[in-house]
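In: Just need the structure, nothing else, for what follows:
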Amino acid sequence: MKKNLRTLTIKELEIMMTNARKSAAPEAADVYRAAAIELFSRHRNEHTDQVIGNCWGALALLDRCRYEKTGQRRKSQHSIKSIKNNGEIAFMTACARGKTEGTGFILLVEAGLGQCTVDYTVAANPHRFPQDAVLSAQVRLTNHGVPLPTS
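Out: Down below sits the predicted model:
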């Protein structure tokens, strides 16, 4: 019997992600991805502006993926400080314009969550970001095998 992910708490979603990571079952990657996307959506839906919500959803998933990789629960303090000082749109623009992809981008792409990255949000919302940032995000996504968002 499949669980309705929308009825689970954030803690239950995280447990589901952990169990899926440990599982050798053929559907484990799909279960992990579904739980991660639901976790991303929960954080996104806390904001009336979906683009801003995507930023916070990406950070929440990044923190989770970092924990899975290192075993350490650390927040994205540098990113949070940048958002406090400059705002979410400026933060996402700076990420997309970066000369190299950040560790958060790599962690999310490696986890199969490329559509939950800041770069994906920038590419999916070209009317909200400078054109050079959008183009940079599109190139980065393409270079890492992440399908570009459709209009």
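In: Next secondary structure element downstream of the biggest helix by length in the chain?
Out: As assigned by DSSP state H, the longest helix anywhere in the chain is helix 50-70. For helix 50-70, the following helix or strand on the C-terminal side (DSSP states H and E) is helix 77-86.
In: Please identify the buried residues of that next one?
Out: S79, S82, I83 (16 or more other CB atoms under 10 Å). Heads up, the C-betas are built off the backbone N, CA and C, glycines and all.
In: who does that helix touch, helix- and strand-wise?
Out: Applying 3 or more CB pairs under 8 Å, 6 or more residues apart in numbering; DSSP states H and E, one finds that helix 77-86 contacts helix 50-70, helix 88-97.
In: before we move on, the earlier item: could I get the CA-only coordinates of the longest helix of the chain as PDB?
Out: Provided in PDB are the C-alpha atoms of helix 50-70 (Å, rounded to 0.1, in the frame of the first residue of the first chain):
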ATOM      1  CA  GLN A  50       6.400  30.500  -5.400                       C
ATOM      2  CA  VAL A  51       9.800  31.700  -6.700                       C
ATOM      3  CA  ILE A  52      10.700  32.800  -3.200                       C
ATOM      4  CA  GLY A  53       9.300  29.600  -1.800                       C
ATOM      5  CA  ASN A  54      11.500  27.600  -4.300                       C
ATOM      6  CA  CYS A  55      14.500  29.300  -2.900                       C
ATOM      7  CA  TRP A  56      13.700  28.200   0.700                       C
ATOM      8  CA  GLY A  57      12.700  24.700  -0.500                       C
ATOM      9  CA  ALA A  58      16.100  24.300  -2.300                       C
ATOM     10  CA  LEU A  59      17.900  25.300   0.900                       C
ATOM     11  CA  ALA A  60      15.900  22.900   3.000                       C
ATOM     12  CA  LEU A  61      16.700  20.000   0.600                       C
ATOM     13  CA  LEU A  62      20.300  21.100   0.400                       C
ATOM     14  CA  ASP A  63      20.500  20.900   4.200                       C
ATOM     15  CA  ARG A  64      19.000  17.400   4.100                       C
ATOM     16  CA  CYS A  65      21.300  16.200   1.300                       C
ATOM     17  CA  ARG A  66      24.300  17.600   3.200                       C
ATOM     18  CA  TYR A  67      23.200  15.700   6.300                       C
ATOM     19  CA  GLU A  68      22.800  12.500   4.300                       C
ATOM     20  CA  LYS A  69      26.300  12.900   2.900                       C
ATOM     21  CA  THR A  70      28.200  14.100   6.000                       C
END
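In: I'm done for today, thanks for sticking with me.
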